[in-house]
Each structure stands twice: as C-alpha cells, then as structure tokens.
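Asks: Provided below for reference: sequence and predicted model.
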Amino acid sequence: MGVPAPFRRSATSAELDDQYDDLGLILSFDDQDLLGSIVVTAPAQAGFHGVALLGGPVSRVLSTLADLGSEFVADDGSWASGLGLVLDCGGSTDADAPVHSVTVHASAAWNPEIELFSSTPAQEPKRVHAVTPGVGIPLVRLGEPMAEVRARMGSGATWRPPFGPSRADSFWEEGVEVGYDVQGFVSRIAVERPAQVLLEGRELIGVPAGEIRTQLSESGITVLSEEAELVCPQAGVRLLVARPGDDGLPICGVIIE
C-alpha cells in the first residue's frame, strides 16, 4: 500500500487510521493491529453486486440494492446493512444526497446504533478533571459499576465500540467518555473538550505536545513518546494528538486506563 498519512479520527480515538489520499482509502485497525474497517472515497470507486455506490443519489442506490435483496437502515445521515456495509451521505438525510463514502467493517455484526439514556445527575456538570493515578478522576473511578456512573453523571449516549471496551457511554456536558468491560465495570476514561484534565496540577488538553512533555519530565513524571501520543505509564494516562510527527500539535484528548 505504501506510506500512509496517519490521523486520529476523533479527539479520543485510541487508535490511528491510515489514509491513502491518492487511492481514496482509509484503513482502520483495532487494538490488536488487525484491519477492522475500510473506508472508500473518491477518486476510488466502490460497487456491490454490480451496483456503483459512490456519487449517485442514495435513494437510487438503495432502491437498486433493495431489488437485489439488500436492505439498508437509516442512521443519521448514513445507511447501514446487516452485512457490515455502511453508505455515508455526509450527514444529509435528503433522498437525493450523494453517497460520499462507503465503509466495510470486518464484522457483519457491527452495529453503529447509538442509544440515548436519561437520568437526573447527582451534581452539576463539572469540566475540570484531576487525574489520580490508578484511580481515575473525581467523577469516574476505574473499576466502578456502570449503574453508579450513570446515576452520578446523568444523561448521555451509549454504544458498543467495534473493539476495546465492551460498551461506552458519552457524557457531553462533562466532556467524558467512559468505557466498560464485559462485566460492566469502568475500564477506560477518555476526556476531551469542553473539559480540561489536570495531571500534577498541570493542564493537558490544548497544550503543545512538546511543551507538556518537557513540563512533565521536569517534574519527575516518566513520559514515553509514541506515534501521535505521549504515554505516562506510572500515571496510567495517554495524551493524544491528531497526527504524528509534529510536537507543536496540541493535546486533543486524554485516556486514563
């Protein structure tokens, strides 16, 4: 495939995606470095049962595929099938919107459905989160049951990630995403804007990676430089940047494990 342009799909994405602009391909790998999904965009072409998928009005594409026995379900500007195939219309729900990209997932059972849940939080939203190594942050503790987290945090959205945590909850007001293991206990905490994360009293999000590496190292914290992230093993945190190779890029998200 050659040399890709790696990038982080979101501020708290644990893994990098490999983008090949000239080929119109984006490859996503799971936490075992196995290929988990392929996104096809222009200038590439994509077909299914002989039907061209990219560029045409989604209504025509869906109608033709339905005649061939392939049904797709609407999902907020995209259309998903039980085959692990997703047609993305760039967020548009217009029947004449063109298909911008096609994603093929390794698992046909992959389900992008996001469910909303609602509860009354026990406290007002907080957006400054100080890390306690091995424990978590004041709002969420590693190893805590899902029910206790939701009772404290309030309303959010939940889904099943394709890899990593068995389930994840996103709490927008606090800028916190909580991942759970198969038993329903917190295994990972991710924080992004509008929140802020403090480690030893130092703000992390928004600070250039090179600057925060120097600050933490001078305070005696071990910092390892990995691809598009800084790892502080004793503190159990990963400081993420959008792409590798630039110490001037700011920290965009923090993962606590």
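Replies: Looks like it arrived, so ask away.
Asks: Tell me where the stretch 1-150 of the chain has strands.
Replies: 5-7, 17-20, 25-29, 35-40, 47-48, 51-52, 73-74, 78-80, 85-88, 101-105, 115-117, 128-130, 136-137, 140-141 (DSSP state E, counting those that start in this stretch).
Asks: I meant to write the stretch 151-257 of the chain there.
Replies: 156-159, 167-171, 176-180, 186-192, 196-199, 202-203, 224-226, 229-232, 237-240, 253-256.
Asks: can I get the strands of the stretch 1-150 of the chain in a markdown table with mean pLDDT and mean neighbour count?
Replies: To be clear about C-beta, it is placed using only N, CA and C from the backbone, and glycine gets the same treatment. A markdown table is the format used below for the strands of the stretch 1-150 of the chain (pLDDT from 0 to 100; neighbours: other C-beta atoms under 10 Å):
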| stretch | mean pLDDT | mean neighbour count |
| --- | --- | --- |
| strand 5-7 | 95 | 15 |
| strand 17-20 | 96 | 17 |
| strand 25-29 | 94 | 18 |
| strand 35-40 | 92 | 17 |
| strand 47-48 | 90 | 14 |
| strand 51-52 | 90 | 16 |
| strand 73-74 | 81 | 12 |
| strand 78-80 | 84 | 20 |
| strand 85-88 | 90 | 21 |
| strand 101-105 | 91 | 19 |
| strand 115-117 | 89 | 9 |
| strand 128-130 | 95 | 16 |
| strand 136-137 | 97 | 22 |
| strand 140-141 | 96 | 20 |
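Asks: Those: which one's closest to G253?
Replies: Of all these, strand 128-130 sits nearest to G253, with 12.1 Å by C-beta to C-beta.
Asks: Show me what the closest one packs onto, helices and strands only.
Replies: strand 196-199 (3 or more C-beta pairs under 8 Å, 6 or more residues apart in numbering; DSSP states H and E).
Asks: how far out from the middle of the chain is the strand it packs on?
Replies: 20 Å (C-alpha atoms, centre = their mean, to the nearest Å).
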